[in-house]
Each structure stands twice: as structure tokens, then as C-alpha cells.
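Enquirer: A structural model of the following input is requested.
(one chain, ligands or ions: 1)
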Amino acid sequence: MAGTVLIVDDEIQLVRHLEHLLRTEGYEPIGVHDGRSARKAVASYFPDVVLIDLKLPDVDGTRLLTELAEKHPSAGYIIITAFGSIKSAVEATRRGAREYLTKPFEPDELLLAVRNAMHDRLRDEEIKLLRRTGPVLSRRPQKPDAAIEEYPSEAMQAVMVQARYAAQTDSIVLLLGESGSGKDFIARHIHNRSKRSNGPFFAINCAAVAPELAESELFGHEPGSFTGARGRKRGLLELAEGGTLLLNEIGELSTPMQAKLLTFLDTRTFTRVGGETQIPVNARLIAATNKELEKEVDQGRFRSDLYYRLNVLTIKVPPLRRRMEDLPLLVQEILGQLSDEMGLQRPIEADDRALRTLSGYHWPGNIRELRNALERGVMLSDSGQINLSSLGAAGDQENWTYMVNFPQTKSIHDITRDLKRALILEALRRSRGNKQEAARSLGLSRHAFAHQMKAIGLDEDR
Ligand SMILES: Nc1ncnc2c1ncn2[C@@H]1O[C@H](COP(=O)(O)OP(=O)(O)OP(=O)(O)O)[C@@H](O)[C@H]1O
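Expert: As a prediction, this is how the structure comes out:
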């Protein structure tokens, strides 16, 4: 469903015409002709977008806008009026309207304004969701070409063939693999290569959401459906319309949620919590888990019928220790990403001894652990190259360990320089290479920042 649009205008013909236009575009329009009905409609329908005529029989349109925007701030407000003037346009935008249309307007003009308002509203909801759920939910951060297609290891070549196939179909995919092995990464790769690549990509970690909130997170809720459910909320499934939803740690889904998910897979429709309307959604599902689902089924913790529905196109992502041939390429790829994030012009590289040492470790935390080690290495590297010392590695290849503390043998001067370097690189990473911003975040002037960069051996133009 594309969203609800409230039209407030006293011209009955125009309202009918707009209702028809919006309905044919898949929106749910509600037309009213005065301020009183507009207040009621907002309280009952929680529209996504509100079109308000400035001249209404019972209230001034700008006043109504202020009132409604206060009560229902998350909607997008668009002013329509035959009495367009710069002054009222400025006033309306000051009071919260995102756009101003002067009658007569073209249907396309209106549809574009509604589409943009709807888009901003969805983005706001996503931001709110991100704030609410923190790391359990992530928006697609990757460039479509971020994943390499060819890895040297046979195990990964097989995965990439399956991923390519999955990208060409719209079927549900089940990703199995240890934590940190790259299931999320593969899911994004499939989405980016699929015909849905322009649609949204959402990921939710089913293990990290409290069971009592999981249903509302996934399916949304209607106002008042449970204590604390104030407005109407779209769930992730609805937000993923036209795109892909990754259900991470699917093995952790509660039994009632498993039943609701199964119904969705069978009917492609769902109801919000507290709602009755069957809402159709065109979202692709990818499920991932580091559990052995078959065992979960045997032990009665996971529904067998859901397991069979999920187990259509199953991709087993190997742990890093079973694909060590890929390590140099992964190191290069990750260092490239980290250098990009910091705005470095020349990517940081790992020297041979560092690579050999990394290859000798068994990586129980898989690529996530490798990435963390490299991130730390980048912060501590002196020379634009990662070496044994910047990795904080100690011991031989068999016995690779992180050294959490700085080595005792370092002088206070070296330790201070390492710390400064780590802080500066971290600030550059956070500011995505913007030196002005990085300087500000460290409480330094741009000039002092440049001086510090030079002092620790970083070229200004890197
Ligand atoms: N092929 C790859 N190239 C570069 N980085 C990768 C690759 N695969 C995974 N990573 C990185 O490794 C980290 C862990 O990957 P990811 O989150 O995909 O693992 P996961 O299997 O989904 O983990 P979990 O089961 O804990 O959710 C991420 O930072 C990801 O960007």
C-alpha cells in the first residue's frame, strides 16, 4: 500500500478529482471539506500526507496546518491554494508545510509533491526505527558493486554462483553460517544484484528485539492496539515494499511469530497488530541463521512447516577458516573500504609478514573479527602500511593473539604518537574524510589539525 493522503479542500469537485487521481496511483485518499472534519480524520487515520487548501469555510488554512502539524508531526504537509503569494508560501513553510502548490496545478505536479512527501515520511520512519532499534536494524550502506564476484576459494565460488542465481529469482533465500561469516553481506549482495536493487533493504535481528515488540516491529500496529501503541506504525515488512527484508537469526523467532510469518508466506498479506485489514506486500524475504534449523525442528523449537517453506534456496556461507585462500583479497577489500571511509587517497595495505600472520590465525569470529583487527591496525599504522606492530600481533603464526595493551617496550613518546594517530584517523573516519569536521570533533583548529597530522607522519593530501 502506497500510503494514506488526506485532502482538505472546500471545492467538492476538486477533492473528487484528486481522490480519483491518487487512488489510481495506489494511494488511500480521504477527502474532507472543512477544518473540523480534517481534525477528526487526522485523529482517526494518521495520514502520511495532508493536502490543505489555505481558504476553508471554518478555519484559516495556515492555522489548521499549525494545529495538525503539532498533533501529527510525522505527516508531510502540502499547501494548495488559488491565492498563491510568496508571503503565504513562506508563512506555510515556516509552519511546517514541505511544499506549496498554486491552483491550477497539473496532476503530475501534485503526484510528484505527494510522492516526495511520502518518501521523506518513510525516511523519517526509518530513522526513527533506527533510533529505536539501534544496531538490530540497518539500512543499506553498501554501494551496489561492493561485493567481489570471484573469490579464489572453491567454497566461496559456489556461494557466489548460488547468490547470482538467487538474485535472478524472487524466491525466499535461507542463509546458513557462523556468526560474522558474511550472511548479511551476501543478503545485500543478492538484493543489490536483483531487480529490487532500487527498492529498500532492511535487516532485523530477531534475537535482539524483545519478543513483545517483535510483532509490531515486523508487522506494524494500529493505534491503541497495546499499551504504548499511540499512532499507527508501519512494520518493517511494509517498509520493505518493493525491496528486500532480511530476517537475521530467524531461529530465534517466537512460536506465534513463526505462525504469522508462515501466513504471510502463504498469502503474501498480513495484518498490523490490532488491525483487521489484510495488507498485501511485495517484499522479498531472506532469512539467516547461525543455528542448525533442522535440530531446532527436531527439538520442537522451530515449526517444521515454516522450515520447509524457508528451505527452498539454501546457501551455506563457509566460515573464514574454510576459505583462507580468500584472506588476502578480503584484507585488500576491507582495507580499501576503511581507507575510503577515512577519505584516504591511497588505500592502506598490509605488508607480507602481516598477511602471513593473519593467514595463520583461525578466526573464530570470522570476517567480523578480521575487519575489527584491520580497523585497529589502520589506526595504529605509522606508514600507510599495516605491519605486525600496527596489528598489535604477538607470538608466531600458530599463536597469533591481539595485544589489547600497548607493548611495554614502547616509549611514552611512541605511545602518545600512536594514540594521537588513532584519534586522528578515527575522527577522519567518522567525518568521512572531512578534515574541517574531524578537526572540530577533536577540539582543534583546522591549522592545528594539519600540524598534528604532519607530526604523526600523515600527509595532508591523503
Ligand atoms: N566478502 C566480504 N568482503 C568484505 N567484508 C565482508 C565480507 N563479508 C562480510 N564482511 C564484513 O564482515 C562483517 C560481518 O559480516 P556479516 O554481518 O555479513 O556477517 P553475518 O554472518 O551476517 O554475522 P551475524 O550472524 O553475526 O549477523 C561485516 O562488517 C561485513 O561488512
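Enquirer: please make it C-alpha for all contacts and neighbour counts, starting now.
Expert: Noted.
Enquirer: figure out the helix or strand that residue 215 lives in.
Expert: helix 211-219 (DSSP states H and E).
Enquirer: and if you look at residue 5?
Expert: Taking DSSP H and E as the criterion, residue 5 maps to strand 4-8.
Enquirer: what are the contacting residues of that strand?
Expert: 15, 18-19, 27-35, 38, 41-42, 45-53 (CA atoms under 8 Å, 6 or more residues apart in numbering).
Enquirer: beyond it, next helix or strand please.
Expert: Once strand 4-8 ends, the next helix or strand along the chain (criterion: DSSP H and E) is helix 12-24.
Enquirer: can you tell me the average pLDDT over that following helix?
Expert: What helix 12-24 shows for mean pLDDT is 91.
Enquirer: show the subsequent helix or strand relative to it.
Expert: Following helix 12-24 in sequence, per DSSP H and E, is strand 28-32.
Enquirer: can you list the strands that that following strand pairs with?
Expert: Applying DSSP bridges, strand 28-32 is found paired with strand 4-8 (parallel).
Enquirer: and the angle from the partner strand to helix 12-24?
Expert: Inter-element angle recorded for strand 4-8 and helix 12-24: 170 degrees (by axes from the mean of the first three to the mean of the last three CA atoms, to 10 degrees).
Enquirer: tell me which residues of strand 4-8 come out buried.
Expert: 4-8 (16 or more other CA atoms under 10 Å).
Enquirer: for stretch 306-324, measure first residue to last.
Expert: Distance between the two ends of stretch 306-324: 34 Å, counting by CA to CA, to the nearest Å.
Enquirer: please see if it touches the ligand.
Expert: No - judged by CA under 6 Å from any ligand atom, stretch 306-324 makes no contact with the ligand; its nearest approach is 7.8 Å.
Enquirer: off-centre distance for that stretch?
Expert: 23 Å (CA atoms, centre = their mean, to the nearest Å).
Enquirer: swap in stretch 342-353?
Expert: Counting by CA atoms, centre = their mean, stretch 342-353 is centred 27 Å from the centre of its parent chain.
Enquirer: go on, stretch 304-313?
Expert: Distance, centroid of stretch 304-313 to centroid of chain: 26 Å (CA atoms, centre = their mean).
Enquirer: now tell me what touches that stretch from outside.
Expert: 166, 171-174, 258-259, 262, 265, 287, 293-294, 297.
Enquirer: next: stretch 326-338.
Expert: Residues from elsewhere that reach stretch 326-338 (CA under 8 Å, 6+ apart): 151-153, 320, 347-350, 355, 359, 370-371, 374-375, 429.
Enquirer: do the same with stretch 61-70
Expert: 35, 39, 42, 52-55, 75, 77, 91-92, 95-97.
Enquirer: give me the below-cutoff pLDDT ranges for the stretch 251-400 of the chain.
Expert: Within the stretch 251-400 of the chain, the stretches with pLDDT under 70 are 382, 392-400.
Enquirer: would you mind listing what in it touches the ligand?
Expert: Proximity of the stretch 251-400 of the chain to the ligand, by CA under 6 Å from any ligand atom, involves residues 290, 330, 333-334, 367-368.
Enquirer: identify the farthest-apart pair in those residues.
Expert: Spatial extent of those (CA to CA) is set by the pair 290 and 333 at 24.1 Å.
Enquirer: make a ChimeraX selection of the buried ones in the residues of the stretch 251-400 of the chain next to the ligand.
Expert: Buried members of those can be picked out in ChimeraX with the line below, counting by 16+ other CA under 10 Å:
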select :290,330,333,334,367,368
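Enquirer: turn the residues of the stretch 251-400 of the chain next to the ligand into TSV, columns for secondary structure.
Expert: Listed next are those as TSV, based on DSSP: H, G, I helix; E, B strand; the rest coil:
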residue	secondary structure
290	coil
330	helix
333	helix
334	helix
367	helix
368	helix
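Enquirer: can you redo the residues of the stretch 251-400 of the chain next to the ligand as TSV with distance to residue 312?
Expert: Below are these laid out as TSV (distance: CA to CA, whole Å):
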residue	distance to residue 312
290	17
330	29
333	31
334	31
367	26
368	27
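Enquirer: which one of the residues of the stretch 251-400 of the chain next to the ligand is nearest to residue 238?
Expert: residue 290 (25.9 Å).
Enquirer: and residue 213, how many neighbours?
Expert: Close neighbours of residue 213, defined as other CA atoms under 10 Å, add up to 10.
Enquirer: ignore the last one, residue 257
Expert: A count of nearby residues for residue 257, using other CA under 10 Å, gives 16.
Enquirer: contacting residues around it?
Expert: Going by CA under 8 Å, 6+ apart, residue 257 touches 214-215.
Enquirer: tell me which residues of the helix or strand that contains it are tucked away?
Expert: Using DSSP H and E, residue 257 sits in helix 255-267. Neighbour-count burial for helix 255-267, counted by 16+ other CA under 10 Å, picks out 257-258, 261-262, 264-265.
Enquirer: what's the angle from it to helix 211-219?
Expert: Going by the same axes, to 10 degrees, helix 255-267 makes 20 degrees with helix 211-219.
Enquirer: check the offset of helix 255-267 from the chain's centre.
Expert: Distance of helix 255-267 from its chain centroid, counting by CA atoms, centre = their mean, is 24 Å.
Enquirer: just stretch 264-281 next, same as before
Expert: Centroid separation for stretch 264-281 versus its chain: 23 Å, with CA atoms, centre = their mean.
Enquirer: tell me where the stretch 251-400 of the chain has helices.
Expert: 255-267, 293-298, 304-310, 327-341, 352-359, 366-380, 388-391 (DSSP state H, counting those that start in this stretch).
Enquirer: cool, thanks, talk later.
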